[in-house]
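*Asks:* what follows is a predicted protein model with its sequence.
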Amino acid sequence: MSTTEPLLFLKGHGTENDFVIVPDPDGHLELSAAVAARICDRRAGVGGDGLLHVVRSAAHPEAQAMAPDAEWFMDYRNGDGSIAEMCGNGVRVFARYLRYAGLADEGDLAIATRAGVRRVHVAKAVAKALPSAASQDEGQAGGDITVTMGRALLPAGLDASVTVSVGARSWPARHVNMGNPHAVAFVDDLADAGDLFSAPGVQPASVYPDGVNVEFVVSRGPRHVAMRVHERGVGETRSCGTGACAVMVAAARRDGLDPAELGHPVTYTVDVPGGRLAISEFPDGSVEMTGPAVIVAQGTLDPAWLRTTLGSDGERGAGPLSG
Ligand SMILES: N[C@@H](CCC[C@H](N)C(=O)O)C(=O)O
C-alpha cells in the first residue's frame, strides 16, 4: 500500500476512552510508533487515547497462532505509539467497528489480542446514528458490549503491594495484572491525585519493568466505586477498561469478597469520569466487563499529510508506514 492512497480511519470511544480505528484487513500497513503517535496527536493528527489497528489474525505475525479461534486481531497502540498487551474499552470499540463494517454478526465473537483471545457479546442494536453505506444495520449509539476479560492476576509476596505517590502524598496500592499491569490505590477523595499531568510514582519500580497504569479509587456505596486513571503511554484518560477490572477485583478483595470462596459471581459498578462500567468476577476467576462502545465518525487520512508525517526525503518513510 502506498502513501499516495487515502487511508480509511474511524473514530470511536468507550466511556470516553477514545480511539482512532485503522482498518487494514490484510496487514499491509507497518505502523511505526512515530506514525501511531502522530495519528493520535490531538493537535497535529486525528486525536485519540489510542489506536486500534484492525488486522486479520492470519495476516499478523503476532496473531497467526490465534487465527483458528479469532478471525480479527486488535493490534492496539497507546497514544504515544507504544504497544500494550490489552485494552478493555478498545476491544469493545473494536467489536463495534466489526459490526459497523459488516465484518461480524450480532451475538458472540472472538477477538485476538496480545493478552490472548477475548470473547465478546454484542447486544442487539437499538439505534442508528451514522448514515453510512458501511454502517449496515448496526446501531452506533446503543447496545452495551460485554467482554470476557480473562483472569485477574494478583501477584503474591514482594510484588503484591506497591506504593503509589503523587508529589509528597503516597498510598499503599495493589498490584493487579489484567493482561497489562495496574497499581490500584484507594484514596479518600479522587481530587487527592491532583492534576495527574505527569505519571504518579510507583515503588518499587522493579515490580513494573515495562511501566504501569495507575488507578485512584473511592467508594460510592455497596459494590460501587469510582476511579481516576493515569494510563501508561497516554496520561490521564476518561476511562480504562482493564483498569476498571483491576479496580473491581482489588475492591472486592478489600471488601472480603472472593467469588472462588463464595461460590457465586460478584458484580461491582465502576464509575469513571467518562461513564459507568459493570464488572463481574466469577468463581473460576474470570472477569467480565459490560459497557458502551460508539463509532462517532469516519474519514480518510490525507496522503499528503501522511507523506509529511513520514518525511518527504523518505528517511522515516522506509519504516513507519509502508506496505
Ligand atoms: N485504555 C485501555 C488500556 C490501554 C493500555 C494501557 N494504556 C497500557 O499501556 O497498558 C483500557 O481500556 O483497558
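*Replies:* Cool, the structure landed. Numbering: from 1, shown residues only.
*Asks:* okay, and for the stretch 101-250 of the chain, where does confidence drop off?
*Replies:* Residue ranges of the stretch 101-250 of the chain with pLDDT under 70: 125-142, 158-159.
*Asks:* what does it put close to the ligand?
*Replies:* Residues of the stretch 101-250 of the chain that fall close to the ligand, judged by C-beta under 6 Å from any ligand atom: 180, 213, 231-234, 240-243. In this view, the C-beta of every residue, glycine as well, is placed from N, C-alpha and C.
*Asks:* which single one of these is nearest to Ser82?
*Replies:* Nearest to Ser82 among those, counting by C-beta to C-beta, is Gly233 at 4.2 Å.
*Asks:* per-domain residue ranges of this protein.
*Replies:* Using automatic domain parsing, the domain parsing of the chain gives 7-144+294-310, 157-288.
*Asks:* okay, those in a markdown table with mean neighbour count next?
*Replies:* Shown next, in a markdown table, are the domains of the chain (neighbours: other C-beta atoms under 10 Å):
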| stretch | mean neighbour count |
| --- | --- |
| domain 7-144+294-310 | 20 |
| domain 157-288 | 19 |
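*Asks:* just the helices in the chain please.
*Replies:* All helices of the chain, identified by DSSP state H, fall at 33-40, 88-100, 241-254, 259-262, 303-310.
*Asks:* can you tell me the average pLDDT over the first one?
*Replies:* Throughout helix 33-40, pLDDT has a mean value of 95.
*Asks:* could you give the separation of it from the chain centroid?
*Replies:* 16 Å (C-alpha atoms, centre = their mean, to the nearest Å).
*Asks:* cool, and the shortest one?
*Replies:* Using C-alpha atoms, centre = their mean, the mean C-alpha position of helix 259-262 is found 28 Å from that of the whole chain.
*Asks:* re the thing from before, and of the helices of the chain, who's closest to Pro283?
*Replies:* So among the helices of the chain, helix 259-262 is nearest, using C-beta to C-beta, at 4.6 Å.
*Asks:* what's in contact with that closest one?
*Replies:* Applying C-beta atoms under 8 Å, 6 or more residues apart in numbering, the contact partners of helix 259-262 are 252, 265-266, 281-285.
*Asks:* let's see which of these end up in strands.
*Replies:* Among the contacts of helix 259-262, the residues falling in strands (DSSP state E) are 266, 281.
*Asks:* of the contacts of helix 259-262, which pair is most distant in space?
*Replies:* Ala252 and Asp284 (14.6 Å).
*Asks:* related to what we said a few turns ago, can you lay out the contacts of helix 259-262 as CSV showing pLDDT and distance to the ligand?
*Replies:* As requested, the contacts of helix 259-262 are exported to CSV (pLDDT from 0 to 100; distance: C-beta to the nearest ligand atom, whole Å):
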residue, pLDDT, distance to the ligand
Ala252, 98, 18
Pro265, 98, 21
Val266, 98, 20
Glu281, 98, 16
Phe282, 98, 19
Pro283, 98, 24
Asp284, 97, 21
Gly285, 96, 18
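*Asks:* what is the nearest of the contacts of helix 259-262 to Gly50?
*Replies:* Glu281 (25.0 Å).
*Asks:* the closest one touches Ala252, doesn't it?
*Replies:* Yes: the criterion here is C-beta atoms under 8 Å, and Glu281 meets it with Ala252 at 6.2 Å.
*Asks:* what sits in contact with each of the two?
*Replies:* Shared contacts of Glu281 and Ala252 (C-beta under 8 Å, 6+ apart): 259, 266.
*Asks:* skipping adjacent residues, who's closest to the spatially most central residue of the chain in space?
*Replies:* In the chain, the C-alpha nearest the mean C-alpha coordinate belongs to Cys87, at 2.3 Å (C-alpha atoms, centre = their mean). Closest residue to Cys87 apart from its sequence neighbours, by C-beta to C-beta, 6 or more residues apart in numbering: Tyr76 at 4.7 Å.
*Asks:* residues in contact with that neighbour?
*Replies:* 50-53, 83-84, 86-87, 90, 113-114.
*Asks:* so which of the residues of the stretch 101-250 of the chain next to the ligand are in strands?
*Replies:* 213, 231.
*Asks:* so which of the residues of the stretch 101-250 of the chain next to the ligand is the closest to Val120?
*Replies:* For these, the closest approach to Val120 (C-beta to C-beta) belongs to Gly241, at 11.8 Å.
*Asks:* from Ala67, how far off is that closest one?
*Replies:* 24 Å (C-beta to C-beta, to the nearest Å).
*Asks:* equivalent analysis for His53, please.
*Replies:* Distance from His53 to Ala67, by C-beta to C-beta: 16 Å.
*Asks:* want to try JSON lines for the contacts of Tyr76, with distance to Gly167 as columns?
*Replies:* JSON lines is the format used below for the contacts of Tyr76 (distance: C-beta to C-beta, whole Å):
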{"residue": "Gly50", "distance to Gly167": "27"}
{"residue": "Leu51", "distance to Gly167": "31"}
{"residue": "Leu52", "distance to Gly167": "34"}
{"residue": "His53", "distance to Gly167": "37"}
{"residue": "Ile83", "distance to Gly167": "30"}
{"residue": "Ala84", "distance to Gly167": "27"}
{"residue": "Met86", "distance to Gly167": "30"}
{"residue": "Cys87", "distance to Gly167": "29"}
{"residue": "Gly90", "distance to Gly167": "31"}
{"residue": "Thr113", "distance to Gly167": "35"}
{"residue": "Arg114", "distance to Gly167": "33"}
